[in-house]
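S.K.: Build me a model:
(one chain, ligands or ions: 1)
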Amino acid sequence: MVDVQQEFLQSFIGKPAIDLPTPAFVLNKPIVQRNCQRLHEDVKSLGIKFRPHVKTLKSEEVTRLMLGDAARGCVASTLREIRGLLPLAKEGLLDEVLYGLPVRPGALPQLLEYSKTVKVLVMIDHESQIDALEKFAEANAVSTPWSAFIKIDMGTQRAGKPLASPHLKPLINRIESSPAVSIYGFYCHAGHSYGSRSKEAAAEVLHDEVNAAVEATALMEKPDTPVVISFGSTPTAHVVYTLKKSLPSHMTLELHAGNFPANDLQQLGTGCIDENDQAIRILSEVCSVYPERNEALVNAGCIALAREPGPIPGYGRVVGNSEWHVGRVSQEHGILVNHAEEGKKSKAEDAFKVGDLVFLHVQHACITAAAHYYYFVVDEQDVVREIWYPWKGW
Ligand SMILES: Cc1ncc(COP(=O)(O)O)c(C=O)c1O
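M.R.: Reported below is the predicted structural model:
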């Protein structure tokens, strides 16, 4: 439940974004469409599959745009997201969803329920998960094996088994012999691609992702089994057009990515996007100005923006006046500071007046979006046309 009147939100439709109540999450639909279309064109011209991750904007409307006519499968990071996708499966737009966390026993009853509507794939990186799937299949008379991606850790040290792990081959072979689970493919997500500072660097990570998944297939007892090689992250997706890989015919290449419809300062920091590829802004209001310390205070703190770091300084950057960024945050306060060289800094009292409305680009769209209960969706003229309600909770 959102503690705000629907009529109040709807009353902003047709109004300029600058008139919104602050802090407001403003989503530019034409930019989202353009970001999706660009990736769709790339995967189509490469002739590879595409699997968008829905975790960034957690929204049915955005998922429709991410799928377009380029994808029929998704990745989700929570059960709530999968629940949100069921209407798309019922409409015939979506065939399968990968539950993108290493599969945990506690999720199985719900995953089984959802699999009545959409094919649910699971992610495996430990043998105990196979024990759990076998036990669950026996207890619940599940006769169809779960299709599984084996997660390879590319060095991010989040989920997955590193290629060099002595446990990887036994894990793969155990799945091959299990009645409860079958290998769908190998999944590489190089989170450290966010450390790239150029398209060339991101392209190198992209090739590492694909090569790692391909190398893992050699550990199978039956290496000619058809498998999907799933690779990607938004920085590597932005350079997917550089992919030059011809694989044996039993391997299908698939790109996955999540942040790409939104983009943010972290993506800008990789050197793979332009400033105007960012679809999200937070509208905030200047509450005070402090000439003594050359700072100003806006009503967007770490709840409205997120406390995420990035190579571009600050927790948010002022759109159209990029020498100013949110340098410090507390819960509902953001402090605008100037990072221009000493002697070249403009003055806070010249740049901002109490009551000014300031748009901010954010560091990490996924985390910022998670704090907002509704998105004001604007057109090319920055006029609010729709309100979208993201999926909340887990
Ligand atoms: C398992 C998995 N796949 C894909 C993605 C998408 O990555 P990105 O948002 O960089 O596109 C994520 C993001 O965290 C992820 O956890």
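S.K.: Find me whatever residue is spatially closest to Leu93, sequence neighbours aside.
M.R.: Excluding its sequence neighbours, the residue lying closest to Leu93 (CB to CB, 6 or more residues apart in numbering) is Leu67, at 6.1 Å. To be clear about C-beta, it is placed using only N, CA and C from the backbone, and glycine gets the same treatment.
S.K.: Can you report how many residues neighbour Ser249?
M.R.: 8 (other CB atoms under 10 Å).
S.K.: Next, give phi and psi for it.
M.R.: With angles defined as degrees, to the nearest 10, Ser249 sits at phi -70, psi -20.
S.K.: neighbouring contacts of stretch 78-90?
M.R.: Contacts to stretch 78-90, defined as CB atoms under 8 Å, 6 or more residues apart in numbering, come from residues 54-55, 58-60, 63-64, 67, 74, 76, 94-95, 97, 99, 107, 110-111, 114, 117-118, 120, 391-394.
S.K.: So which bits of the stretch 201-350 of the chain are right by the ligand?
M.R.: Residues of the stretch 201-350 of the chain lying close to the ligand by CB under 6 Å from any ligand atom are Ser233, Thr234, His256, Ala257, Gly258, Asn259.
S.K.: Okay, now the unreliable bits of the stretch 1-150 of the chain?
M.R.: Within the stretch 1-150 of the chain, the stretches with pLDDT under 70 are 1.
S.K.: Show me where it has its helices.
M.R.: Using DSSP state H, counting those that start in this stretch, the helices of the stretch 1-150 of the chain run over 6-10, 29-46, 60-67, 79-90, 108-114, 127-139.
S.K.: Next: the stretch 201-350 of the chain.
M.R.: 234-237, 265-269, 302-305, 348-351.
S.K.: From the contact counts, what lies against the longest one?
M.R.: It refers to helix 265-269. Taking 3 or more CB pairs under 8 Å, 6 or more residues apart in numbering; DSSP states H and E as contact, the helices and strands that helix 265-269 lies on are strand 357-362.
S.K.: Pairing partners for the strand it packs on, with directions?
M.R.: strand 280-290 (antiparallel), strand 316-318 (antiparallel) (DSSP bridges).
S.K.: which of the ones you listed sits most buried?
M.R.: strand 316-318 (a mean of 26; mean count of other CB atoms under 10 Å).
S.K.: starting at the chain centroid, how far to that strand?
M.R.: Distance of strand 316-318 from the chain centroid (CA atoms, centre = their mean, to the nearest Å) equals 20 Å.
S.K.: Ok, stretch 280-298 next?
M.R.: On CA atoms, centre = their mean, the centre of stretch 280-298 falls 29 Å from that of its chain.
S.K.: Next: stretch 119-130.
M.R.: The answer for stretch 119-130 is 21 Å, by CA atoms, centre = their mean.
S.K.: Please apply the same query to stretch 222-242.
M.R.: The chain centre lies 17 Å from the centre of stretch 222-242; the measure is CA atoms, centre = their mean.
S.K.: how about that stretch as PDB, C-alpha atoms only?
M.R.: Extracted in PDB, the C-alpha atoms of stretch 222-242 (Å, rounded to 0.1, in the frame of the first residue of the first chain):
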ATOM      1  CA  LYS A 222      28.900 -35.300 -22.200                       C
ATOM      2  CA  PRO A 223      30.400 -32.100 -23.600                       C
ATOM      3  CA  ASP A 224      28.200 -32.300 -26.800                       C
ATOM      4  CA  THR A 225      25.000 -31.800 -24.800                       C
ATOM      5  CA  PRO A 226      23.200 -28.600 -26.100                       C
ATOM      6  CA  VAL A 227      23.900 -25.700 -23.700                       C
ATOM      7  CA  VAL A 228      23.200 -22.000 -23.500                       C
ATOM      8  CA  ILE A 229      26.200 -19.800 -22.900                       C
ATOM      9  CA  SER A 230      24.800 -16.900 -21.000                       C
ATOM     10  CA  PHE A 231      27.000 -13.800 -20.500                       C
ATOM     11  CA  GLY A 232      26.700 -10.200 -19.800                       C
ATOM     12  CA  SER A 233      26.300  -7.200 -17.500                       C
ATOM     13  CA  THR A 234      25.300  -3.700 -18.600                       C
ATOM     14  CA  PRO A 235      28.800  -2.500 -19.300                       C
ATOM     15  CA  THR A 236      29.600  -5.500 -21.500                       C
ATOM     16  CA  ALA A 237      26.100  -5.400 -23.100                       C
ATOM     17  CA  HIS A 238      26.900  -1.800 -24.200                       C
ATOM     18  CA  VAL A 239      29.800  -3.200 -26.300                       C
ATOM     19  CA  VAL A 240      28.200  -6.600 -27.300                       C
ATOM     20  CA  TYR A 241      28.500  -5.500 -31.000                       C
ATOM     21  CA  THR A 242      32.300  -6.200 -30.600                       C
END
